[in-house]
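Chemist: Predicted coordinates and the sequence they were generated for:
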Amino acid sequence: MLYDNHLKVILTNVKFVARAFFYPHYYYIALFLFLIKKNMNNDENHLTDVINRLKSGSVLTKQKFNGKKFPRRFFLHEREGFISYEKSGKLFRKPRVYHLKDIDEIRSGIRAPKFDRLIKRRVINDTDDQRVFTIMYDNHRKEEHLITPDFTTRELWIQGLRHLMDQHAQKTQYHLIQEEKWILDFFHAADRNQSNTLTKNECRELLANKFHVDLPNHLFEQMFNKADQSKEGVLNSEEFIKFFHLLTRRKDLYEIMKKYTDHDYTQTMETMYINRDGLLSFLRVHYKQTMKSINLEQVQQLINEFELNSELREKGLLSVDGFRNMLLSSNFDIIGSARSHQVYQDMTRPLCDYYINTSHNTYLFYSQISGESNPEAYNRVLLMGVRAVELDCYDGDNGRPIVTHAHTLVKPCSFESIIHSIEPNLFKTSPYPVILNIENHCSSEQQKQMAQILKRILGDRLVTKPLPNTDPSILPSPEDLKYKVLIRSKKVSTSLQAKEEDDDDDDDNDTILNPLSKDVQPELAALFVYLQNVPFREYDYAKVHYSPFHSSSLAENRFLKFAQSDPIGLVQQTTWRLLRLYPGGLRQDSSNPDPIVAWNFGVQMVALNYQNEDDMIALCYGKFLDNGGCGYILKPNYLLDAQDTEFNPWDIEMNFDYPQTLTITIISGQFLPRSNLKSSDIPDPFVRLSTHGMHCDEYVRKTKVVNNNGFNPVWNENFQFRIKFPQMCLIYFSIMDYDVLTNNDRLAYFCSPITMIQEGYRHIHLRANNNDQIHSTLFIHVNIQHDYTYNSDDNDDDDIIRTRL
């Protein structure tokens, strides 16, 4: 929003820019910069006014799908962490609280499919579209529809909430621990009697319930008494902030700083500092990739940015807190922003050269056998970067096509409502093509309706004919297909439908598909331009009978069968056409197969159940973190050139990559969550560190367990990994909660390609199990040694294979 306004200022004041370039008068440049600064200040003042008006509140009407309406006075909480509404007259009914961290999307207008019924019943009118907005929360699983008194009030709430959501999304632990409003949220939550003070018992409860730590008595008493400056035995809000800062002071960083200071080790954490020369030495030693040439002037810039004490800044000194602030900043993140925040790979190669982020049975939020088909499940995965979704289409009773999981208790949803719902979100996270994988079980009449719905809603974004100026003998590239939608489907033999137990099994029937056959309505068949689905066949058959526009799907078990019988042929098919792997029909719990093996074979579309929060989906999140999160990852050259390299994933004696030795020290964790909100148990965390790639590169290592400390556990344990194929390998950090009686629960995680991680002391900003951003971190040290020889057996030093460069 601010960026757009700044752009408007630049465009509307272009005459000043022109004069500044053509005439050497600094007046115009100064005036131009003044106007931009003035506009920025106006934007900030305007947003401040918007936020204040939200805090004052507005009467909004909660619109339910049963037609009932409930007027409530909604307001933004004073500390800006959530919105709620004033309590109604109903006894025992508490107002719902909508935390900003849980809101996924603010949507304007009437876009929910169920609103159509309300319009038909005249409960609401089409004109209400200008007054309606929707809060989507809980990973798009829940929604609240609100009607404002007028258009202006709606825009006020939409602008204010979106601004606060953007602010929240950009805040990490680095920002929060310096933000008094965030710290005082803990204070007020612990102050149950609203005395504006906290006793020792209340502080103790806060440490256990919110910070997840059982602090030893002597440490607690020492910190509490130091913060209790009034010596009254309780902490007011200012004293609690002091207590919080004492609690978050990092001993692990203090130990690192000792090695780069000139003074002796008698300095405490409060008096410890590092000067410019010491910081320069520290940065050059540990950050050779990015800071090898850093100078003293740049070091002073870092001190100016991260040291909060003005006297230390002026002297060129960095305290322990300043050192912490620096290492928590984005410059010291575990992954480089150049790879995670922008597209850097060549996007002009054929589609078959890329891994594609793919969802299976996208319409489901829960298991495969119950629940309902929900358009919001599509919006959720599209906004997470998925580029290929699935629709299982059947004839609806009302003559309109529906999407459902056949032979189950899943309630259907109309095909049209899904396409209508996802249209605004298709390209919000990535400009590269979206693939609609359609399992077509509809009659000819309803197939025709599907084609018309697709063309009417998607318009010129839908690919309906081959692209001009492209090579007709190969698939177009993601760059060619920017902002386009592709349909992937095939002929359905009605005689086979009765035999189907799993909707996907018919992908493997033995009929060569003709898109213009009598079983596919011609208007729909015409949309299968580049991705016509055909049965998978061995390499020799496919080479003769299939073109690059023929795509095949394989169930996980059938894939493994071909991977064992003809691994080279399977890999070589991925060099010129698209293959898709999907979970087997027995996975009714929406569990997922391991995607790593399929990726090793070059399979582009590994369809996973995104509704599950298992380790397999975490690997998928990590895989597609690369290349700006655009949903398309270029495969390594040895897979692209498999016709020449004859790459065989089972043969670990091959040498096509640049091996490396990865040494990781797991140092400490900060602000770790509980396994779930209902748990009252303080975590006993340990770190499970694993690598996933070629069989020779798969390792699992674990740290010791730290008892009763999810706030600041310290491990200081080293692990070493010899990785032969780094381009195929992911590294997966799982923070686990040890339990003697039951399975260990995952508290948080992080996953990334090994090629993205950076050397030096790094903070990993962890993710919740549902991939939401949280303020928990893991502090580690990374050392990477690039090997030009590789030992295939760590126990046999004589067996060395030289790398082909």
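Modeler: That came through, no problem.
Chemist: In the longest strand along the chain, which residues are buried?
Modeler: Ranked by residue count and defined by DSSP state E, the top strand of the chain is strand 773-786. Neighbour counts over strand 773-786 (16 or more other CB atoms under 10 Å) mark Ile774, His775, Ser776, Thr777, Leu778, Phe779, Ile780, His781, Val782, Ile784 as buried. Every residue, glycine included, has its C-beta placed from N, CA and C.
Chemist: Name every strand pairing with that strand and say which way it goes.
Modeler: Within its sheet, strand 773-786 is paired with strand 660-670 (antiparallel), strand 760-767 (antiparallel), according to DSSP bridges.
Chemist: Redo these as a markdown table? Include distance to Glu376 and mean pLDDT.
Modeler: What follows is those, written out as a markdown table (distance: least, CB to CB, whole Å; pLDDT from 0 to 100):
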| stretch | distance to Glu376 | mean pLDDT |
| --- | --- | --- |
| strand 660-670 | 33 | 97 |
| strand 760-767 | 21 | 96 |
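Chemist: So for Phe220, which of these sits nearest?
Modeler: Nearest to Phe220 among these is strand 660-670; the distance by CB to CB comes to 18.4 Å.
Chemist: Tell me how far that closest one lies from the chain's centre.
Modeler: Put simply, strand 660-670 sits 22 Å off its chain's centre (CA atoms, centre = their mean, to the nearest Å).
Chemist: What ranges does the stretch 701-805 of the chain have for its strands?
Modeler: All strands of the stretch 701-805 of the chain, identified by DSSP state E, counting those that start in this stretch, fall at 714-723, 730-737, 745-753, 760-767, 773-786, 789-791, 800-802.
Chemist: Sorry, slip of the keys, the one I care about is the stretch 501-650 of the chain.
Modeler: For the stretch 501-650 of the chain, the strands defined by DSSP E, counting those that start in this stretch cover 531-533, 550-555, 579-582, 605-608, 632-634.
Chemist: most tightly surrounded among those strands?
Modeler: Each of the strands of the stretch 501-650 of the chain was scored by mean neighbour count; the highest is strand 605-608, a mean of 28, by mean count of other CB atoms under 10 Å.
Chemist: ok so, going back, can you redo the strands of the stretch 701-805 of the chain as TSV with distance to Leu409?
Modeler: Output for these, formatted as TSV (distance: least, CB to CB, whole Å):
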stretch	distance to Leu409
strand 714-723	45
strand 730-737	33
strand 745-753	29
strand 760-767	32
strand 773-786	34
strand 789-791	53
strand 800-802	54
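Chemist: so which of the strands of the stretch 501-650 of the chain gets nearest Pro476?
Modeler: Nearest to Pro476, of the strands of the stretch 501-650 of the chain and by CB to CB, is strand 531-533 at 10.8 Å.
Chemist: moving C-terminal of the strand or helix carrying Glu445, what's the next helix or strand?
Modeler: According to DSSP states H and E, Glu445 maps onto helix 444-458. Using DSSP H and E, the helix or strand that follows helix 444-458 towards the C-terminus is strand 485-489.
Chemist: Give the other helices and strands that that following strand contacts.
Modeler: The criterion is 3 or more CB pairs under 8 Å, 6 or more residues apart in numbering; DSSP states H and E, and the helices and strands that strand 485-489 contacts are strand 434-440, helix 444-458, strand 531-533.
Chemist: List just the one of these that sits closest to Glu390.
Modeler: strand 434-440 (4.6 Å).
Chemist: packing partners for the closest one?
Modeler: Against strand 434-440 (3+ CB pairs under 8 Å, 6+ apart) you get strand 388-394, helix 444-458, strand 485-489.
Chemist: Show me the strands paired with it, marking each as parallel or antiparallel.
Modeler: When pairs are called by DSSP bridges, strand 434-440 turns out to pair with strand 388-394 (parallel), strand 485-489 (parallel).
Chemist: I'd like the average pLDDT over it.
Modeler: Across strand 434-440, the average pLDDT comes to 96.
Chemist: ditto for stretch 341-352
Modeler: For stretch 341-352, mean pLDDT is 96.
Chemist: One more: stretch 682-698?
Modeler: The average pLDDT for stretch 682-698 rounds to 96.
Chemist: Same check on stretch 142-161?
Modeler: Mean predicted lDDT for stretch 142-161 stands at 93.
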